[in-house]
Each structure stands twice: as structure tokens, then as C-alpha cells.
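**Q** need a structure here:
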Amino acid sequence: MDFDLGWILLGLPLAFMLGWVASRFDLRQLRMENRRAPKAYFKGLNFLLNEQQDQAIDAFIEAVQNDPDTSELHFALGNLFRRRGEYDRAVRVHEHLLSRGDLAAADRARAQHALALDFLKAGLLDRAEDALRKLDGTAFENQARLARLAIYERSREWPQATVVARQLEASGEASFAGRLAHYRCEQAATLAASGDAAAALTLLEQAMHDAPQSARPRIQLARLQRAQGQDALALATLIAMTQDVPGATPLVAIALAETAEICGAAPQALALLSASYQQTPSLDVMEAIVRLESAAAGEPRAGRQGYIRHLEREPSLIAAARWIAGEKLEHDQFHPLVQRALDHAVKPLSRYRCAACGFEAKEHFWHCPGCQAWDSYPPRRVEEL
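**A** Coordinates of the predicted model:
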């Protein structure tokens, strides 16, 4: 069969024209897709700026479907899911990013950090800890360690918290001496409750060495000494604390008065507390002074003038209520009703308040139950703030 060269010459232009038409069609389609993807992206941004998160998510999903290789869209979508509380969807987005083999190292670390935040927000602390550990050696290392520190504090894993705090301090993040002292005090309290006073004492001594200006180790040490019947040592510890950390005197004023009475050192304690009160009036210090003056006079009413002295210096409903409690009124039959009303009124005023979040409590906390901040409770009642 003869091969006709004319067909080849006729077919070449035809093939060229078909190729040209196909390329134009592909180029046109690519341009349309590229226009569609940025349009959906900017539409999502517009919804986000207007705080329309549902519409923003729909727009970003459309953009991701049009351009599945764009990592920034995935990050935006994952963050939106997390903000809406849809943690399972946020986890899927960030895990999809991590599964990509073409992801740059910086974006991989960013996706790992975002995944850890998803687990944290969802309350999956074990999975969050594992995800945060994988950020060692990345740009997110210190942020991951701070997050792990918060996890250990929340779960009261003090040895692990100590290790991470020391790593952060070594990296130059900040000084964690105060927190390290608190961690030792927490462990000491657990040991003391279980009967291991010797180990608790060792930890408290280390805490005082780590943070000499922290009041908590000395307060716990005095409490431990009193529990062991070492009242003289406890008194010396409390006196030293009021001298070294005078701002915390209200926290130990009553304990100081009680211990001084047991040791026969009431005059010394009274002089120390009176000097503290003259410098900084305090309800708790006033209460301790009233107690010591009444005991010294042998008459409960003798020290009650302390409440009047406080009222002369500071308007205080708490001091007024305590003074009235021991007085005889003209219409004494109504005294219980008046006293009950006053006691009810002063309850909120006698609480402690966190300076970071405003959480109020009947007792003084070193670690706020509300915002988890350390040393955020001033050693003064709400009425005195």
C-alpha cells in the first residue's frame, strides 16, 4: 500500500490548529479558576472582618476546593473552626496540612503548633502535650513550653512543671524563681499531709533559698513547725517573715498572735504588730492586736478599742460590725437583728480578690482558681483595696 505524503502535509496544519485550540481552552479555564479562587478568598476575608464567621468558613472552603495546595487558606480555615469551637474540624484541617509531603519546614511547625492549640482548646491535654513536645527545636519552642507548663500546673504535675520552668529560664524567657518556689511548696504540702515532714522541710528550705522574698515557704514552714510542736521555732519563722516580707504580715497576723501567746512572747508580738499597723493599717493585723490586748488585760472588752482606733483611721464596715458585736445597744432586744444584717453585709467585703481576673474567695490563694495566675491575690481584704 502506497503511503500518500499529501495526507501528512494536510494533517500537520490541522494538528497544529487543534493543539492551539486546546491550549487556549486550558489557559482560559486556568484563568477562570485563578479568578474564582482569589474572589472566594477575598469574599471570606470580607465576611471575617464583618464578624460573619459562618459565611467566612463557607467562602474559605470554596477557596480551598478551588486551590487545595494553598496552605494559608488551610491555616485560615483551621483557625476559624477553632474559634467557633469546632475543634474536630480544626484538627482535621491541620492534620491534613501535616500529611502533605511538600509542606515547608516553617509551615509544618506552624501547623503542628496550630494542632496543639486545637487539642488544648478541646481539653485533650494528653494529645496537646504530645503535639507540643514535637515543637522542640522549632521557632515555636518557647511558646510550646509555656503551654506545657500551663498543662502541668493545671494537672498539678509539679516535677514536670519544674523541669519545663527551668528550661524556659535557661532560654532567657524570664525568671521563674517565684514559680519554682511555689512548685516546691505544693509538693511540700502533699508530703506534709502524708506524714513525711522531713521531706517537706527539705523542699521548703529549697523554696526559701530559690525565692528569699516569697512569703509562702515561710508561712508553710511555720505551720509545719507548729504541727510538730515546735512553737518557738514557728514563732521565730513568723517574726523573720514579717521583717523580711512586711507586705505579707496580714496573712500571718493571727497565727503570730496565737503562737506568741503559747510561747509567752505576747508583748514582743504586740509591739511588732503595732509597728506594722502604724505603717500600713490592716484589718487582719488589727484583729490580732485586739486579741493580744484583750489577753494582756484579762478582759475581752479591753482590747475592743482597737476597732475604734481603726475606724478613726479608716472607714470600715467590718471593724464597725466587730465592735458592735460586743457592745450593748440602747434597744438591746434588736441587737441580734442588727448584728445579723451587718454580718451579712460584710461577708463580700472580707473576701480576697484576684488582681488579674477579679475572682473572689473566702481564703487567700497563691494560685488563682479562676485565671491560674500566681501571686495575683493581694494580702488584703476586698474592703481594703
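
**Q** And Arg309, how close does it get to Tyr277?
**A** Separation of Arg309 from Tyr277 (Cβ to Cβ, to the nearest Å) stands at 9 Å. Every C-beta, even on glycine, is put in place using the N, C-alpha and C of the backbone.

**Q** now swap in Ala271 and tell me
**A** For Ala271, the distance to Tyr277 - Cβ to Cβ - is 11 Å.

**Q** cool, Ala144 as well?
**A** From Ala144 to Tyr277 the distance is 48 Å (Cβ to Cβ).

**Q** cool, and Gln339?
**A** Look at Gln339 and Tyr277: by Cβ to Cβ, they are 25 Å apart.

**Q** more neighbours, these two?
**A** Under the criterion of other Cβ atoms under 10 Å, the comparison of Gln339 against Tyr277 puts Tyr277 first, with 22 against 15.

**Q** Which residues are in contact with the more buried one?
**A** Val285, Met286, Ile289 (Cβ atoms under 8 Å, 6 or more residues apart in numbering).

**Q** Which helix or strand contains it?
**A** helix 266-279 (DSSP states H and E).

**Q** Buried residues, that helix. List them.
**A** Within helix 266-279, the residues scored as buried using 16 or more other Cβ atoms under 10 Å are Ala266, Ala269, Leu270, Leu272, Leu273, Ser274, Ser276, Tyr277.

**Q** Would you convert those into CSV that also reports pLDDT and distance to Ala116?
**A** Shown next, in CSV, are these (pLDDT from 0 to 100; distance: Cβ to Cβ, whole Å):
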residue, pLDDT, distance to Ala116
Ala266, 89, 57
Ala269, 90, 52
Leu270, 90, 56
Leu272, 91, 51
Leu273, 91, 50
Ser274, 88, 54
Ser276, 90, 47
Tyr277, 88, 50
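
**Q** so which of those residues comes closest to Ala106?
**A** Ser276 (56.0 Å; Cβ to Cβ).

**Q** Touching, the closest one and Val245? I think so.
**A** No: taking contacts as Cβ atoms under 8 Å, Ser276 lies outside contact range of Val245: 11.4 Å.

**Q** sec struct for the closest residue to Ser214 other than its chain neighbours, please.
**A** Leaving out its chain neighbours, the residue that sits closest to Ser214 by Cβ to Cβ, 6 or more residues apart in numbering is Ala181, at 4.9 Å. Following DSSP: H, G, I helix; E, B strand; the rest coil, we place Ala181 in the helix state.

**Q** can you pull the contacts of Ala181?
**A** Ala181 neighbours (Cβ under 8 Å, 6+ apart): Ala207, Met208, Asp210, Ala211, Ser214, Arg216, Pro217.

**Q** how much space between it and Leu349?
**A** 31 Å.

**Q** which residues touch Arg226?
**A** Applying Cβ under 8 Å, 6+ apart, we find Arg226 in contact with Ala234, Ala255, Thr259.

**Q** mind checking the SS state of the last one?
**A** Spelled out, it's Thr259. Under three-state DSSP, Thr259 comes out as helix.

**Q** Work out for me the element Leu103 sits within.
**A** Residue-wise, Leu103 maps onto no helix or strand under DSSP H and E.

**Q** hang on, it packs against Leu97?
**A** Yes: counting by Cβ under 8 Å, Leu103 does reach Leu97; the two are 6.3 Å apart.

**Q** who's more crowded, these two?
**A** Leu97 (20 against 17).

**Q** Distance-wise, check the nearest residue to the more buried one once chain neighbours are set aside relative to Val91.
**A** The spatially closest residue to Leu97, leaving aside those adjacent along the chain, is Ala111, at 4.1 Å (Cβ to Cβ, 6+ apart). To Val91, Ala111 is 11 Å away according to Cβ to Cβ.

**Q** Contacts only, for Ile262.
**A** Asp231.

**Q** Shouldn't it be within a strand?
**A** No: secondary structure of Ile262 (three-state DSSP): helix, not part of a strand.

**Q** when you give positions from now on, start the count at 44
**A** Sounds good: first residue 44 from here, last item Ile305.

**Q** Quick one: residues contacting Gly413.
**A** Contacts of Gly413 (Cβ under 8 Å, 6+ apart): Cys397, Cys400, Gly401, Phe402.

**Q** Check Ser359 too.
**A** Leu326, His353, Glu426.

**Q** Columns distance to Gly413 and neighbour count on top of those, output as TSV?
**A** Below are those laid out as TSV (distance: Cβ to Cβ, whole Å; neighbours: other Cβ atoms under 10 Å):
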residue	distance to Gly413	neighbour count
Leu326	23	22
His353	30	25
Glu426	20	17
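
**Q** any chance of the residues you listed in JSON lines, plus distance to His387, secondary structure and pLDDT?
**A** Converted to JSON lines, the contacts of Ser359 look like this (distance: Cβ to Cβ, whole Å; DSSP: H, G, I helix; E, B strand; the rest coil; pLDDT from 0 to 100):
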{"residue": "Leu326", "distance to His387": "18", "secondary structure": "helix", "pLDDT": "87"}
{"residue": "His353", "distance to His387": "21", "secondary structure": "helix", "pLDDT": "79"}
{"residue": "Glu426", "distance to His387": "15", "secondary structure": "helix", "pLDDT": "83"}
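
**Q** In a helix, Ile351, correct?
**A** Yes: checked against three-state DSSP, Ile351 lies within a helix.

**Q** I figured it hits Arg365, correct?
**A** No: the criterion here is Cβ under 8 Å, and Ile351 misses it with Arg365 at 10.8 Å.

**Q** quick one, which of those two is more surrounded?
**A** Arg365 (21 against 11).

**Q** List the residue ranges of the stretch 44-193 of the chain that fall below the pLDDT cut-off.
**A** 44-114 (pLDDT under 70).

**Q** tell me the helices in it, going along the chain?
**A** Using DSSP state H, counting those that start in this stretch, the helices found in the stretch 44-193 of the chain span residues 48-92, 96-109, 114-126, 130-142, 148-165, 168-176, 184-197.

**Q** Output the helix or strand just after the last one in PDB, but only the C-alpha positions, please.
**A** In the C-terminal direction, the helix or strand that comes right after helix 184-197 (DSSP H and E) is helix 201-213. The C-alpha atoms that make up helix 201-213 are tabulated as PDB, following Å, rounded to 0.1, in the frame of the first residue of the first chain:
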ATOM      1  CA  TRP A 201       4.800  19.700  89.800                       C
ATOM      2  CA  PRO A 202       8.000  17.800  89.000                       C
ATOM      3  CA  GLN A 203       7.300  18.100  85.200                       C
ATOM      4  CA  ALA A 204       6.400  21.700  85.700                       C
ATOM      5  CA  THR A 205       9.800  22.300  87.500                       C
ATOM      6  CA  VAL A 206      11.700  20.800  84.500                       C
ATOM      7  CA  VAL A 207       9.900  22.900  81.900                       C
ATOM      8  CA  ALA A 208      10.200  26.100  84.100                       C
ATOM      9  CA  ARG A 209      14.000  25.500  84.300                       C
ATOM     10  CA  GLN A 210      14.200  25.100  80.600                       C
ATOM     11  CA  LEU A 211      12.400  28.300  80.000                       C
ATOM     12  CA  GLU A 212      14.600  30.100  82.500                       C
ATOM     13  CA  ALA A 213      17.700  28.800  80.800                       C
END
